[in-house]
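> Fold the following, please.
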Amino acid sequence: MSAAPIRIAIIGVGKIAVDQHLPAIAENSDYALAATVSPNHPGFPDTPHFKTLGDLLAADVAVDAVALCTPPQVRYDLAAQALASGKHVFLEKPPGATLSEVAALVAEAEASGATLFASWHSRYAAGVEPARAWLADRTIKSAAIVWREDVRVWHPGQAWIWEAGGLGVFDPGINALSIATRILPRPFFLQTATLFTPANRAAPIAADLGFRDTDGLTITMDLDWRQTGPQSWDITVETDAGTLALAKGGAVLTLPEGEQHAKDEEYPGLYARFATLVREKRSDVDVRPLQLVADAFLRGHRQSVEAFDE
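Residues are numbered from 1 along each chain as shown. A predicted model of the protein is given here:
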């Protein structure tokens, strides 16, 4: 007999929830959408909708898990409230506004017996696991990350992203770091960082970073939200066997023997992983990408640039 579906509620009905979470839930028989929560969105027909998580938890609606699709600045209180009620918690990336918040949630999940999942959707891009396997047997000479996009196209009207805790250009840039920490065989850490911050914003619009790994490998990172024309979400790794290139955010892998294609299923992969964790009563909270971003803010040199208005 198959297990009963996980009754899940979406908390925060914004673009990422509508574009990615809801379709992934709908196509996975391990889940049943139990409710949505948003103070601004009107909800959907035939699905219970609430203004707050507290309203949902007080209602006569059976929920096993919640997916938090809110801005990171408000995520801790919501996650803690859900865990205290025994609900499993799926965290959109980044898992929190600070590392200490996430550490607190890990302890709260352990105390409650609920699953806590810090999701990194770019790790589930089609080229990432084949890239990791290929690099495992190679001598790596250098690595370079170029993540350049037009913020007006990809993040219109998202004022929270410019505020303290919103990460600015690191909101997409952390996706690149989630891939790099997955595919590169050794831990790496920050050495240099310049953060370019508009005069009217709290978060950077661009950044240049330099990392090295525990064996001395150099890794460079170029982040920019001011890109026009072709957009770049690329990671290039030079090895003793030639060049590995991941393009389109990890969706396309090119090796010396040619380009590889596979069906790209980032959010379906995340939800399959979450279902497994819930069934096995385990958590998965990898904070390495967020640690690297925190180090950039801690150690980085801030350089003011002209004001930015959308």
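> which residues are in contact with the helix-or-strand element of the chain with minimal mean pLDDT?
The weakest-scoring helix or strand in the chain, judged by mean pLDDT, DSSP states H and E, is strand 258-260 (a mean of 86). Residues outside strand 258-260 that contact it (CB atoms under 8 Å, 6 or more residues apart in numbering): 127, 130, 252, 253, 254. The way it works is simple: take the backbone N, C-alpha and C, and place the C-beta from them, glycine included.
> pLDDT at residue 2, what is it?
The per-residue pLDDT reported for residue 2 equals 64.
> what does the one 5 residues further on give?
Residue 7 carries a pLDDT value of 98.
> Just the buried positions in stretch 208-216, please.
208, 209, 211, 213 (16 or more other CB atoms under 10 Å).
> Now flag whichever of the residues you listed is closest to residue 148.
Set against residue 148, the nearest of the buried residues of stretch 208-216 by CB to CB is residue 208 (11.7 Å).
> returning to that earlier point: dump the buried residues of stretch 208-216 into TSV; add secondary structure as well.
Listed next are those as TSV, based on DSSP: H, G, I helix; E, B strand; the rest coil:
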residue	secondary structure
208	strand
209	strand
211	strand
213	strand
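> Make JSON lines from those and add pLDDT and distance to residue 277 to it.
Listed next are those as JSON lines, based on pLDDT from 0 to 100; distance: CB to CB, whole Å:
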{"residue": "208", "pLDDT": "98", "distance to residue 277": "36"}
{"residue": "209", "pLDDT": "98", "distance to residue 277": "31"}
{"residue": "211", "pLDDT": "98", "distance to residue 277": "29"}
{"residue": "213", "pLDDT": "97", "distance to residue 277": "29"}
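> Geometric centre of the chain: which residue is closest?
Central residue of the chain (CA atoms, centre = their mean): residue 93, 3.0 Å from the mean position.
> My guess is it contacts residue 176. True?
No. Taking contacts as CB atoms under 8 Å, residue 93 lies outside contact range of residue 176: 11.7 Å.
> Generate TSV for the contacts of strand 258-260, with pLDDT and distance to residue 4 as supplementary columns.
As requested, those are arranged in TSV below (pLDDT from 0 to 100; distance: CB to CB, whole Å):
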residue	pLDDT	distance to residue 4
127	96	35
130	96	35
252	95	38
253	97	37
254	97	43
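> Sort out which of those residues are buried, if you could.
Here, 16+ other CB under 10 Å leaves 127, 130, 252, 253, 254 buried among these.
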